[in-house]
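A.B. asks: show me the folded form of this:
(chains A, B, C and D)
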Protein chains: 2
Amino acid sequence: MAIGRSTQSTSQTPEPGAARRPSRARGIPEATVARLPLYLRALTALSERSVPTVSSEELATAAGVNSAKLRKDFSYLGSYGTRGVGYDVEYLVYQISRELGLTQDWPVVIVGIGNLGHALANYGGFASRGFRVAALLDADPTVVGNSAAGLPVRHMDELEAIVESQHVSIGVITTPPGAAQQVCDRLVDAGVTSILNFAPTVLTVPDGVDVRKVDLSIELQILAFHEQRKAGEESGHNDSVLDRAPGPVRAAAAKLRRAAGAAKAEPVKGKPAKGTEGELSAVMPA
Amino acid sequence: MAIGRSTQSTSQTPEPGAARRPSRARGIPEATVARLPLYLRALTALSERSVPTVSSEELATAAGVNSAKLRKDFSYLGSYGTRGVGYDVEYLVYQISRELGLTQDWPVVIVGIGNLGHALANYGGFASRGFRVAALLDADPTVVGNSAAGLPVRHMDELEAIVESQHVSIGVITTPPGAAQQVCDRLVDAGVTSILNFAPTVLTVPDGVDVRKVDLSIELQILAFHEQRKAGEESGHNDSVLDRAPGPVRAAAAKLRRAAGAAKAEPVKGKPAKGTEGELSAVMPA
DNA sequence: TAGATTGTTAATCGATTAACAATC
DNA sequence: TAGATTGTTAATCGATTAACAATC
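C.D. replies: Predicted coordinates for the structure are as follows:
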């Protein structure tokens, strides 16, 4: 990996990059930052019901966390509660919004207007949180000119001009995986410093650029892992006996496997893995 | 929260629920499980290029992690490498696939066929990893009967029959937020034990049911937080002086705010938060 | 044998949690 | 004042990382 460049985090794991650099902005831990939107959503719902105050216990339940964690999280923001009373809903909405930077306008561009790009363009959560779709972009001439969510799809060639004129700092990549790094490079060169990547591609970006990744396939695979375990508790596992054996036996087995041929070593049980034939295709077609 | 029920994790944070129960299945930490799909993807790419072996350093770079973490992760699976040589690509693909449960077929149902449901139905990453779309379901009569990704959209009424006859254990929710819990309950009652939730709703499920959440809005908000900090390092922050003051002063300020009126406490600087007027609308319309 | 690379150890770090003093 | 609830402390837990002995 080249110096001065870092690869992105996945959204599943407490990203290594963020943990290393002093990204605990103003001392707020990453784990806390990731929960602030949850609290904000719960508080907004309370606000709409005109609930004036809420206790840490109530709010924690609504947000799906425990109250100790919530109070700890809020302690990083300041002392915004009142002992014996709870938190003022409106005031807390404001404070968290401000902390997250949602009191300002964030123009974003979406690159790659297939099914997923369309879905995102129409996503209500964008507009309602200060995010504004500045432009939809695609490289495909048959897509350019179409309308999505009331906006025209514009050609990639306009990217740089749009980013500059509208001061876009956030880009969303919904291209096929093969185009993602190239699009990312162009976004970064144009001045974008935060990227939300839906393509199943590891992006390399310069220091100072944040990347977050959303990967549908990974989420499903994690579910499958746990699902398999549930099933395994009832019936027997279908693992190879050798693979489950103590260290020395396993090592010997590995040796045998390798001796059988390097380039196309056969799995011990001869059961080929599914899905190895092709890498994930595009997040959305064209 | 009712006993025997738990709320879901978000995919952003190491979920509290999973950490509490002995979900370290067979001793594999959650953080490691979440990275296995990344390794698998990188290995699959190497496999397609017919690369026979790979070192932890090379594979780690391809997957976007560091090599110490990768070796530690693999150590939970067993000793599948060869000192001085590296890992056999094909064999590791098989082992990780098996560990994740991808050597078997996973029928899934997608409920809510709007833009996002469409995008997921067409998502190539489903089929290529052992996930098979068993059915697309929607409650809207004007959507039922349409075709998406070569499959007919069927009515919600058929949910139970489909889940049972096709042994569906994984459900994907892409409905508007208001319908999500209800759909979740039906899925669980029908026998689904893993749910991937795209609706911005905290789902409550019985013990034994896994929920993972993908939330586009939350990802963007986290990016905005970091983006704001970058900008703040150059110009001055627009924080209230009182809010940045030491504890006692802040406490006094909070007291003043509350005294000003409970139900509609005015933010100190009188700058109302954007986006508080309405909760996030549907993930996709209708 | 010499070089390369794994698998593991131990130290460090960050996140979670329970408990309770502070205080409304 | 008595009850309620916050904000903080300290203990615990899990994840990361560097380093290196084992060993191919």
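
A.B. asks: quick one: the strands in the stretch 1-150 of chain A, in order.
C.D. replies: Using DSSP state E, counting those that start in this stretch, the strands of the stretch 1-150 of chain A run over residues A:5-7, A:53-54, A:81-82, A:86-88, A:106-111, A:131-138, A:147-148.

A.B. asks: for these, which one sits closest to A:I222?
C.D. replies: strand A:5-7 (20.0 Å; C-beta to C-beta). Any C-beta I mention is one placed from the backbone N, CA and C, and that applies to glycine too.

A.B. asks: flag the shaky bits of the stretch 1-150 of chain A, pLDDT-wise.
C.D. replies: Within the stretch 1-150 of chain A, the segments meeting pLDDT under 70 span A:1-26.

A.B. asks: what does it put close to DNA strand C?
C.D. replies: Residues of the stretch 1-150 of chain A lying near DNA strand C by C-beta under 7 Å from any atom of the strand: A:14, A:19, A:24, A:29-32, A:65-66, A:68-69, A:71-72, A:82-85.

A.B. asks: near chain B, which of the residues you listed show up?
C.D. replies: Among these, the residues lying close to chain B (C-beta under 8 Å from any C-beta of the partner chain) are A:14, A:31, A:65-66, A:69, A:82.

A.B. asks: please see if stretch A:207-227 touches DNA strand C.
C.D. replies: No. If you take C-beta under 7 Å from any atom of the strand as the test, stretch A:207-227 misses DNA strand C, and the best it gets is 15.0 Å.

A.B. asks: so what would you say the end-to-end distance of that stretch is?
C.D. replies: Taking C-alpha to C-alpha, to the nearest Å, stretch A:207-227 runs 38 Å from one end to the other.

A.B. asks: can you name the residue of chain A nearest DNA strand C?
C.D. replies: The nearest approach of chain A to DNA strand C comes at A:G84, 2.3 Å away (C-beta to the nearest atom of the strand).

A.B. asks: and for that residue, the neighbour number?
C.D. replies: For A:G84, the count of nearby residues is 6 (other C-beta atoms under 10 Å in any protein chain shown).

A.B. asks: list phi and psi for it.
C.D. replies: phi 80, psi -10 (degrees, to the nearest 10).

A.B. asks: hmm, A:G101 and A:R129 touching each other?
C.D. replies: No. The pair A:R129 and A:G101 fails to qualify as a contact (C-beta atoms under 8 Å) at a distance of 10.2 Å.

A.B. asks: and the two? Which one has more around it.
C.D. replies: For A:R129 versus A:G101, neighbours defined as other C-beta under 10 Å are more numerous around A:R129 (26 against 19).

A.B. asks: would you mind measuring from the more buried one to chain B?
C.D. replies: Distance of A:R129 to chain B, given as C-beta to the nearest C-beta, to the nearest Å: 4 Å.

A.B. asks: how close does that residue get to A:W106?
C.D. replies: Distance from A:R129 to A:W106, counting by C-beta to C-beta, to the nearest Å: 8 Å.

A.B. asks: and what of A:V214?
C.D. replies: In this view, A:V214 and A:W106 are 17 Å apart by C-beta to C-beta.

A.B. asks: adding distance to A:A119 and neighbour count, write the ones next to chain B among the residues of the stretch 1-150 of chain A next to DNA strand C out as CSV.
C.D. replies: CSV is the format used below for these (distance: C-beta to C-beta, whole Å; neighbours: other C-beta atoms under 10 Å in any protein chain shown):
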residue, distance to A:A119, neighbour count
A:P14, 27, 17
A:A31, 28, 16
A:V65, 28, 24
A:N66, 33, 17
A:K69, 32, 17
A:T82, 42, 16
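
A.B. asks: the residues you listed in helices, which ones?
C.D. replies: Using DSSP state H, the subset of those located in helices is A:31, A:69.

A.B. asks: switch the ones next to chain B among the residues of the stretch 1-150 of chain A next to DNA strand C over to a markdown table; also include distance to DNA strand D.
C.D. replies: Below are those laid out as a markdown table (distance: C-beta to the nearest atom of the strand, whole Å):
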| residue | distance to DNA strand D |
| --- | --- |
| A:P14 | 6 |
| A:A31 | 11 |
| A:V65 | 13 |
| A:N66 | 11 |
| A:K69 | 9 |
| A:T82 | 6 |
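
A.B. asks: how does chain A divide into domains?
C.D. replies: As assigned by automatic domain parsing, chain A contains the domains A:25-100, A:105-217.

A.B. asks: check whether the last one contacts DNA strand D.
C.D. replies: Right, the one you point to is domain A:105-217. No. Contact of domain A:105-217 with DNA strand D (C-beta under 7 Å from any atom of the strand) is absent, the minimum separation being 14.4 Å.

A.B. asks: what is the end-to-end distance of that domain?
C.D. replies: 31 Å.

A.B. asks: again, but for stretch A:59-78
C.D. replies: End-to-end distance of stretch A:59-78 (C-alpha to C-alpha): 17 Å.

A.B. asks: now do the buried residues in that stretch.
C.D. replies: By 16 or more other C-beta atoms under 10 Å in any protein chain shown, the buried positions in stretch A:59-78 come out as A:59-66, A:69-70, A:73-74, A:77-78.

A.B. asks: same check, this time on stretch A:169-188
C.D. replies: By 16+ other C-beta under 10 Å, the buried positions in stretch A:169-188 come out as A:169-177, A:179-181, A:183-184, A:186-188.

A.B. asks: show only the entries of those residues found in strands.
C.D. replies: Residues of these located in strands (DSSP state E): A:170-173.

A.B. asks: what is the nearest of those to B:K230?
C.D. replies: Among those, and counting by C-beta to C-beta, the member closest to B:K230 is A:I170, at 11.3 Å.

A.B. asks: mind listing what that closest one touches?
C.D. replies: Residues near A:I170 by C-beta atoms under 8 Å, 6 or more residues apart in numbering or on different chains: A:106-109, A:131, A:192, A:194-196, B:220, B:223-224, B:227.

A.B. asks: hmm, back to that, now, which of the buried residues of stretch A:59-78 sits nearest B:V163?
C.D. replies: A:G64 (25.0 Å).

A.B. asks: can you give me the strands for the stretch 151-286 of chain A?
C.D. replies: Ranges of strands in the stretch 151-286 of chain A, per DSSP E, counting those that start in this stretch, are A:151-155, A:170-173, A:194-197, A:204-206, A:210-213.

A.B. asks: with mean pLDDT added, can I get the ones you listed in TSV?
C.D. replies: As requested, the strands of the stretch 151-286 of chain A are exported to TSV (pLDDT from 0 to 100):
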stretch	mean pLDDT
strand A:151-155	98
strand A:170-173	98
strand A:194-197	98
strand A:204-206	95
strand A:210-213	96
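
A.B. asks: JSON lines please, covering these and showing distance to A:D140.
C.D. replies: Shown next, in JSON lines, are the strands of the stretch 151-286 of chain A (distance: least, C-beta to C-beta, whole Å):
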{"stretch": "strand A:151-155", "distance to A:D140": "9"}
{"stretch": "strand A:170-173", "distance to A:D140": "15"}
{"stretch": "strand A:194-197", "distance to A:D140": "19"}
{"stretch": "strand A:204-206", "distance to A:D140": "24"}
{"stretch": "strand A:210-213", "distance to A:D140": "23"}
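
A.B. asks: helices along chain A, start to end?
C.D. replies: Counting by DSSP H, the helices of chain A are A:16-20, A:30-48, A:56-63, A:67-77, A:89-100, A:115-121, A:124-127, A:159-165, A:177-190, A:216-234, A:241-244, A:247-259.
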